[in-house]
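[1] what's the 3D shape of this:
(chains A and B)
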Amino acid sequence: MFRNVAELVEKAQSQGISIAEVMIQQEMEFAELSREAVVARMERNLDVMEQAVDKGLAGVQSLSGLTGGDAVLMQQYIAKGKTLSGPFILDAVSKAVATNEVNAAMGMICATPTAGSAGVVPGTLFAVRETLKPTREQMVHFLFTAGAFGFVIANNASVSGAAGGCQAEVGSATGMAAAALVELSGGTPEQSAHGMAIALKNLLGLVCDPVAGLVEVPCVKRNAMGAAVAMVAADMSLAGIKSRIPADEVIEAMYRIGQGMPSALRETARGGLAATPTGKKLAEQIFGEKQ
Amino acid sequence: MKYNSVFDIIGPIMVGPSSSHTAGAAIIGRLARSVFGREPKRADIHLYGSFAETYRGHATDVAIVGGLLDFDTNDERIPNSLQLAKEAGLVVEFHKEEAVPEHPNTTKIRLEDERGSLEVIGISIGGGKVEITELNGFKLRLNGMYPAILVLHDDRYGVISGVTNILTQHRVNIGHMEVSRKEKGQMALMVIEVDQNLEDAILDEIRKLDHVTQVTRMSP
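    Just a heads-up that it's a prediction; the model follows:
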């Protein structure tokens, strides 16, 4: 069983296989299941992700009314043909938002690695589906690669906002997505690790401060930015740019930062954006009492 | 290692909005229900830490009750569970606690009906992964990923080998096992994680052993 990114990359390199393949083999061994069974289970996750993106792009609204409809707005904007950051990144943004809007509306999603950060990985995957034209098998492998890096982060740091802030949720998801994007684009396992490191580095310190304790504001838009960061970080790594701090040390830094984060900024809705005048007013409107 | 499977990371498939505060909460509720062995008539749900601060926004309350009704994390009835509990005759009371727990996402669930009661403490550690840390005052560590049998017994010599002998005869492999007691010589709780769901006949055999008070099963 690989314990860190260095071991994961080493396993892939020494055996001449992909990160996805390392993860599939480990899962077969751990769960004592056939390859078909392991792959089939991931295919079900992929199906749920696709349905959530489609549902969000058709337009949803949360019960609180705080979120919904932004994925649609972004698609309309892209369709006009004149954007600043280009249609590919914005398509990923729109699909990440779509997923989290469905989540906020208590719809069905696949936690990746958590529900609050469920948009980043599928957002980027279904965006590059349009450009890289992956097979269904490659799409499933994308999720195994993302899962392999998430596995390391979860075991060496945390994927819980209550324990480590948003860096542990959207930060982890962004690192996972960047690594998987690199592998899907033909990068090496080492480049995947650099992509993950570059992505996670840029979300270190991000706090978890949900307005009214709802997984809506700012969660949905943080997934949007996570998707954008993942695409750029993957491109940087594919260009040959390396992270000076190795991936494992970035994960260790994320863990320590989370430990030092005050509880008001770890999913208690007592600090950050939740504690702004507008944040408090929204909470009051939704729950009809002072927070 | 806290996480063993890639599906702890990519998954679970669930009703939103939070893997720790909704899906994890539902799983804890369902595990409590599984140990209780039947639908309770009354549930007192105590919420601590982040669970206490944000349970309404995350539908933690709704999710735990969904679990008590035996709903899985991807059951679309979860959003309506409070109403469904009422219709099923399950009385639920929530208690928002001030005490600072060891883990930020902690709940204590007390279930009861005319036949008995059960108190479970569970934590939700992220991404839908949970641990049961206390059962009727006995400290333990159960993640609910494997079938388990729980044996309440007198703290005497020979009880453990009595139970494991029965499992040996039925060729049941033990994956993990722990024994916990509150006081020497009083009651003890044996928790045995096994690889497959056990038939009722095996549980009945264990029930007949001397010094065994209660045998229950927990299914993932």
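
[2] quick one: the helices in chain A?
    Along chain A, counting by DSSP state H, helices occupy A:5-15, A:19-31, A:35-58, A:70-79, A:87-104, A:120-132, A:136-156, A:161-164, A:166, A:172-184, A:189-201, A:219-238, A:247-260, A:277-287.

[3] ok, and which of those has the densest surroundings?
    Most buried of the helices of chain A by mean neighbour count (mean count of other CB atoms under 10 Å in any protein chain shown) is helix A:172-184; its value is a mean of 33. Quick note: C-beta positions are derived from backbone N, CA and C, even for glycine.

[4] Tell me how far it lies from the chain's centre.
    Taking CA atoms, centre = their mean, to the nearest Å, one finds helix A:172-184 lying 8 Å from the centre of the chain it belongs to.

[5] any idea how far the residue most central in space within chain A is from chain B?
    Using CA atoms, centre = their mean, the residue of chain A that lies closest to the mean C-alpha position is residue A:173, 2.6 Å off. Separation of residue A:173 from chain B (CB to the nearest CB, to the nearest Å) stands at 10 Å.

[6] Where does pLDDT dip in chain B?
    Chain B contains no residues with pLDDT under 70.

[7] which helix in it runs the most residues?
    helix B:24-36.

[8] Report all helices and strands that that helix contacts.
    Packing contacts for helix B:24-36, counted by 3 or more CB pairs under 8 Å, 6 or more residues apart in numbering or on different chains; DSSP states H and E, involve helix B:60-68, strand B:105-113, strand B:116-126, strand B:129-135, strand B:212-218.

[9] Make a markdown table out of those and add distance to chain A.
    Putting these into a markdown table (distance: least, CB to the nearest CB, whole Å) gives the following:
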| stretch | distance to chain A |
| --- | --- |
| helix B:60-68 | 9 |
| strand B:105-113 | 5 |
| strand B:116-126 | 3 |
| strand B:129-135 | 8 |
| strand B:212-218 | 19 |
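
[10] wait, which of the ones you listed is closest to residue A:266?
    Between residue A:266 and the helices and strands packed on helix B:24-36, the shortest gap by CB to CB is with strand B:105-113, which sits at 10.4 Å.

[11] And for the closest one, what's in contact with it?
    Identification of contacts with strand B:105-113 by CB atoms under 8 Å, 6 or more residues apart in numbering or on different chains yields A:160, A:162, B:20-21, B:24-25, B:28-29, B:32-33, B:36, B:38, B:40-51, B:60, B:64, B:68, B:117-125, B:134.

[12] got the angle between that strand and strand B:129-135?
    Interaxial angle of strand B:105-113 relative to strand B:129-135 (axes from the mean of the first three to the mean of the last three CA atoms, to 10 degrees): 50 degrees.

[13] In PyMOL, how would I select the buried members of the contacts of strand B:105-113?
    Of these, the buried ones go into a single PyMOL selection, burial set by 16 or more other CB atoms under 10 Å in any protein chain shown:
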select buried, (chain A and resi 160+162) or (chain B and resi 20+21+24+25+28+29+32+33+36+40+43+44+45+46+47+48+49+50+51+60+64+68+118+119+120+121+122+123+124+125+134)
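
[14] now the helices and strands packed on helix B:24-36 as a markdown table including distance to residue A:37?
    As requested, the helices and strands packed on helix B:24-36 are exported to a markdown table (distance: least, CB to CB, whole Å):
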| stretch | distance to residue A:37 |
| --- | --- |
| helix B:60-68 | 26 |
| strand B:105-113 | 31 |
| strand B:116-126 | 26 |
| strand B:129-135 | 21 |
| strand B:212-218 | 24 |
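
[15] Could I get the contacting residues of the residue lying closest to residue B:152 once chain neighbours are set aside?
    Nearest-residue entry for residue B:152: residue B:214, 4.1 Å, with adjacent residues in sequence omitted and distances by CB to CB, 6 or more residues apart in numbering or on different chains. Contacts for residue B:214 (CB under 8 Å, 6+ apart) come out as B:150, B:151, B:152.

[16] All set, thanks.
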